[in-house]
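Predicted model, plus sequence, below.
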Amino acid sequence: MAALVFEGFLSTPEMVALFDERAMVQAMMDFEAALARAQARAGVIPQAAAQAIASLCRAELYDLAGMVAASGRAGSLAIPLVKKLTETVALFDPVAAGYVHWGSTSQDVIDTAMVLQTRRALRLIEDDLLQLCGQLLDLAEHFEATPVLARTLLQPALVGSLRCKFVNWLMPLLRSAQALRARADEALLLQLGGAAGTLASLGEQADAVAAQVAAELQLRLPEMPWHTQRDRWLRLGAELGVLTGSLGKMACDLALLAQAEVGEMAEGGAGGSSAMPHKRNPVACMQALAAARRTPQRVAALLACMEQEHERGLGGWQAELAEWSGLLLSCHGALRAMAQAAAQLQVQPARMLENIDALQDLVFAEDLALLLARVWGRARAHQVVEGLSQQVQAQGQPLRRLARTLLAQDAELAARIEPAALEAVFDLVAAARHADARVQQVLTQARAQWQALMDQPMTVPE
């Protein structure tokens, strides 16, 4: 129970509900009902038998906890499910009971059920992902030419723009939104192969039955059963891992910016402390980072599960099932957390300026060196500006003041560098506008791509 509590903390109620006992059993029952109806339409089983079977494919009629408990001994949840469904149908129609699960196998039931639930899970993910992308687009467009420190190796580097930072968060997320649709289209397939993937028990009606089941469940029909062909499924899983990693990067950046000594951004409605009344903890970032840090192991485990023996895996498929739901739980948990953080994001441009000013113009050292290099060459200019930077740190004088003194005292520099050119080196707004300009076309294209996704949302049949 404790494990479930902490698992839920790193996910969302909606995603947890998709993979609970009732939801998974109902998805399996949906497969069994569709199979029976398809077989009746193809003349494989009597119509009356299909009606009797389908009418009892309702999870609320069964002891779900008992089924789950029995699955460990049986080796598959499908085995006790089919047994209980058969027994229940027999109470009303003994003849129909003989047609339950006709020609199918346990992996058909469970794989297709997982596909159905994954399709619903991906819709949850896409809804929140497109919301987050839209929020980042709005933020990027709102904060025009807003200077902010660009940081490398956790140290101040140059003056960048807030728009550039938001676009840096946005683009991997938007690419994942596009890639998830492509990977889902490839991977969300009907699984129906029978005992060894040949549908031998359905004879000449095998293709007709498979097509009918796929149509009823609104799934694509694969060229052949994929019992041990897990490549398309794993590519979808890997993309979920990439998305969660991108969310973790955003959460890490935001958490660092929210530190009190930085104070450039903050989560609205951040969490408090049980001991320290003054604290406002970045809880959304914490949830996203915790979920993201579990994802690489899950994706690695899924890859390790691909070595499935012959026509039915021994252990690999079973391990994959457990990791798959965990991956979706983590991904949606990280996504929901960051969408909520973005919706209430508190941006502090004034504090960003304070942090830049506190560095006494050192963020312009590279530009100053490039300006002096026009006269002295790169090596000497770099050496001189390095010395000036050391003076800034030792004496507390701004780099701009030292540069002005240098220009006034050196005749060669004074003759070849206009004072206005020197002042332009230290222009905060110009630096931010340059960074904005570098991403403006990207931002415009991103808005169009996002709108196209919004205009044609992923459809999930009920």
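Alright, I've got the coordinates. Numbers count the residues shown, from 1 in each chain.

CA only for contacts and neighbour counts going forward, please
OK.

what ranges do the strands span in the stretch 1-150 of the chain?
According to DSSP state E, counting those that start in this stretch, the stretch 1-150 of the chain carries its strands in the segments 147-152.

and the spatially closest residue to residue 220 that is not a sequence neighbour, what does it touch?
Of all residues beyond its chain neighbours, the one nearest residue 220 is residue 189 (5.0 Å), with distances taken as Cα to Cα, 6 or more residues apart in numbering. By Cα atoms under 8 Å, 6 or more residues apart in numbering, the contact set of residue 189 is 112, 115, 219-222.

Swap in 10 Å and give it another go.
111-112, 115-116, 214, 217-223, 225-226, 232-233 (Cα atoms under 10 Å, 6 or more residues apart in numbering).

Then residue 51?
Contact criterion Cα under 10 Å, 6+ apart gives 33, 36-37, 40, 96 as the residues in contact with residue 51.

Next secondary structure after the helix or strand harbouring residue 370?
When elements are defined using DSSP states H and E, residue 370 is found to belong to helix 365-376. Helices and strands here follow DSSP H and E; after helix 365-376, the next one along the chain is helix 378-395.

What is that following helix packed up against?
Contact partners of helix 378-395 among helices and strands, from 3 or more Cα pairs under 10 Å, 6 or more residues apart in numbering; DSSP states H and E: helix 365-376, helix 399-409.

Tell me how far the longest one lies from the chain's centre.
The one in question is helix 365-376. A distance of 43 Å separates the centroid of the chain from that of helix 365-376, by Cα atoms, centre = their mean, to the nearest Å.

that older thread, which of the contacts of residue 51 lies closest to residue 136?
residue 33 (43.5 Å; Cα to Cα).

From residue 22, how far out is the closest residue to that closest one other than its chain neighbours?
In space, and not counting its chain neighbours, residue 33 is closest to residue 54: 4.4 Å by Cα to Cα, 6+ apart. When Cα to Cα, to the nearest Å is applied, the distance between residue 54 and residue 22 equals 17 Å.

In terms of neighbours, single out the busier of the two.
In this comparison of residue 54 against residue 22, neighbours counted by other Cα atoms under 10 Å, the higher total goes to residue 54 at 21 against 18.

Tell me the buried residues in the helix or strand encompassing residue 352?
In this structure, residue 352 is located in helix 349-357 according to DSSP H and E. Applying a neighbour-count criterion of 16 or more other Cα atoms under 10 Å, the buried positions in helix 349-357 are 349, 352-353, 355-356.

next one: stretch 228-238
228, 230, 232-238.

mind listing which of the residues you listed are in helices?
The subset of those located in helices under the criterion DSSP state H comprises 232-238.

tell me which of the residues you listed is nearest to residue 373?
The nearest one, if we look at these relative to residue 373 and count by Cα to Cα, is residue 238, at 47.3 Å.

hmm, which of the contacts of residue 189 are the buried ones?
By neighbour count, with 16+ other Cα under 10 Å, the contacts of residue 189 hold 111-112, 115-116, 214, 217-222, 225-226, 232-233 as buried.

Among the residues you listed, list the two that are farthest apart in space.
217 and 232 (19.3 Å).

contacting residues around stretch 439-454?
Stretch 439-454 is contacted by residues 126-127, 130-131, 133-134, 137-138, 140-141, 161, 163-168, 170-171, 174-175, 177-178, 181, 434, 436-437, 455 when judged by Cα under 10 Å, 6+ apart.

Tell me which entries of the residues you listed lie within helices.
By the criterion of DSSP H, membership of these in helices covers 126-127, 130-131, 133-134, 137-138, 140-141, 163-168, 170-171, 174-175, 177-178, 181, 434, 436-437, 455.

If any of these are buried, give me the PyMOL selection for them.
Here is the PyMOL command that selects the buried residues among the ones in helices among the contacts of stretch 439-454 (16+ other Cα under 10 Å):
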select buried, resi 126+127+130+131+133+134+137+140+141+163+164+165+166+167+170+171+174+177+181+434+436+437
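
What distance do you get for the residue nearest to residue 33 to residue 116?
Here residue 54 is placed at a distance of 17 Å from residue 116 (Cα to Cα).

now swap in residue 423 and tell me
Taken as Cα to Cα, the spacing of residue 423 relative to residue 116 amounts to 63 Å.

For stretch 68-87, buried residues please.
Per 16+ other Cα under 10 Å, stretch 68-87 contains these buried residues: 68, 70-71, 76-82, 85-87.
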